[in-house]
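just a sequence and a predicted model for now, questions to come.
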Amino acid sequence: NAGVTQTPKFRVLKTGQSMTLLCAQDMNHEYMYWYRQDPGMGLRLIHYSVGEGTTAKGEVPDGYNVSRLKKQNFLLGLESAAPSQTSVYFCASSYSMSGTLYNEQFFGPGTRLTVL
Amino acid sequence: GESVGLHLPTLSVQEGDNSIINCAYSNSASDYFIWYKQESGKGPQFIIDIRSNMDKRQGQRVTVLLNKTVKHLSLQIAATQPGDSAVYFCAESNSGGYQKVTFGTGTKLQVIP
C-alpha cells in the first residue's frame, strides 16, 4: 500500500494564479483532511471530508476550496493564490472520525507551496 | 481559546539516554491524546495515543503519561537513538462531533551521538 500520497511535492506560484493539490489514499478511509503547517504553529485544519461527495470547513478555510468526487481522492484548490498561502500542506486520512475507534490519522509527505 | 502547547521548543539528548517531551493542554473536554513524530521533509507519523481513562500507556521504547489533574502529558523515549531525531507533536481530540484534532507547535528532539 502506498498510504497517502500527495502531488505535487513542490510548487511556486505567482500571486493571483490558481492551482490544485491532489491527495490520494489507498486505505479505503472514509475521512480525509487538508492541513497547513507554518513555522512556529501547529497543524491547522483547512477543510475535511467525512465521505465521498461531502466536504466541510475547518479552522482556516478562506481562500481554499475542496472536492471529494471519489472516495480515494481529496483535492485542495487555490483559486487566486496569495503570499499568505505560502506554507507546507499536508493531507491526511482516517478510518473513523469518532473519538472512540481508529482515530489515527495517516499523513501524506506534504506539498511545499511558495506564492510570490 | 483552547490550546495545546509544548514546554520546550528544542531538546538535546545524548544517545542512549532517555528523553522526556512534555505537553500541556487546556481543553478539559479532550479525551484522546496523540503523539506524532515528524522527520524533516516528511509528514507527521503516529507514535502512540492514550485515552483519558488511562494514566499510562506503553509502546515499543515509548511511554505516554497523562495527568488529567494538571492537564499535562508527556512522551518518554527510552534509550534514545539518532533515528529518534525529529519534531514531536502532541495533539488532543474529543469524542464529540467531528474528529477535530488540535496540534501543538512541536518540540525538536536532537540526539547527540
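Arrived safely.

switch to C-alpha atoms for all contacts and neighbour counts from now on
Will do.

ok, the residue positioned nearest the centre of chain A to chain B distance?
Closest to where the C-alpha atoms of chain A average out (Cα atoms, centre = their mean) is A:Trp34, at 2.4 Å. Here the criterion is Cα to the nearest Cα, to the nearest Å. By it, A:Trp34 lies 12 Å from chain B.

out of everything not next to it in sequence, what's closest to that residue?
Nearest residue to A:Trp34, sequence neighbours excluded (Cα to Cα, 6 or more residues apart in numbering or on different chains): A:Cys91, at 4.6 Å.

all the strands of chain B, residue numbers only.
When secondary structure is read from DSSP state E, chain B shows strands at B:4-6, B:10-14, B:19-25, B:32-38, B:45-51, B:56-58, B:62-67, B:72-77, B:86-93, B:102-103, B:107-112.

lowest average pLDDT across these?
Taking the average pLDDT of each of these, the minimum falls on strand B:4-6, with a mean of 47.

so which of the strands of chain B gets nearest chain A?
The stretch from those with the least distance to chain A (Cα to the nearest Cα) is strand B:102-103; that distance is 5.1 Å.

contacts for that closest one?
For strand B:102-103, the external contacting residues (Cα atoms under 8 Å, 6 or more residues apart in numbering or on different chains) are A:42-44, B:3-4, B:89-93.

for B:Ser28, which residues are in contact?
When contacts are counted by Cα under 8 Å, 6+ apart, B:Ser28 is found next to B:Lys71.

go with 6 Å
Residues touching B:Ser28, when contacts are defined by Cα atoms under 6 Å, 6 or more residues apart in numbering or on different chains, are absent altogether.

that older thread, mind putting the contacts of strand B:102-103 into CSV with distance to A:Leu69 and neighbour count?
Listed next are the contacts of strand B:102-103 as CSV, based on distance: Cα to Cα, whole Å; neighbours: other Cα atoms under 10 Å in any protein chain shown:
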residue, distance to A:Leu69, neighbour count
A:Gly42, 29, 20
A:Leu43, 25, 24
A:Arg44, 23, 21
B:Ser3, 33, 13
B:Val4, 33, 21
B:Phe89, 31, 29
B:Cys90, 32, 30
B:Ala91, 29, 27
B:Glu92, 30, 25
B:Ser93, 27, 22
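
how many neighbours does A:Asn65 have?
When neighbours are counted by other Cα atoms under 10 Å in any protein chain shown, A:Asn65 registers 17.

what sits closest to it if chain neighbours are left out?
A:Gly77 (5.0 Å).

quick one: mean pLDDT over the helix or strand where that neighbour lies.
Assigned by DSSP states H and E, A:Gly77 belongs to strand A:73-78. Per-residue confidence for strand A:73-78 averages out to 98 on the pLDDT scale.

what strands flank the following helix or strand past it, and is each parallel or antiparallel?
Heading C-terminal from strand A:73-78, the first helix or strand you meet, by DSSP H and E, is strand A:87-94. Each strand that strand A:87-94 pairs with, and the sense of that pairing, follows from DSSP bridges: strand A:31-37 (antiparallel), strand A:106-107 (antiparallel), strand A:111-115 (antiparallel).

what does strand A:87-94 contact?
Under the contact criterion Cα under 6 Å, 6+ apart, strand A:87-94 has outside partners A:29, A:31-38, A:105-108, A:110-113.

now that strand - C-alpha only, PDB.
The C-alpha atoms that make up strand A:87-94 are tabulated as PDB, following Å, rounded to 0.1, in the frame of the first residue of the first chain:
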ATOM      1  CA  SER A  87       3.000  27.000   3.500                       C
ATOM      2  CA  VAL A  88       3.500  23.300   3.700                       C
ATOM      3  CA  TYR A  89       0.200  21.500   3.000                       C
ATOM      4  CA  PHE A  90      -0.500  18.100   4.400                       C
ATOM      5  CA  CYS A  91      -3.300  15.700   3.500                       C
ATOM      6  CA  ALA A  92      -4.400  13.000   6.000                       C
ATOM      7  CA  SER A  93      -6.900  10.300   6.100                       C
ATOM      8  CA  SER A  94      -8.500   8.200   8.800                       C
END
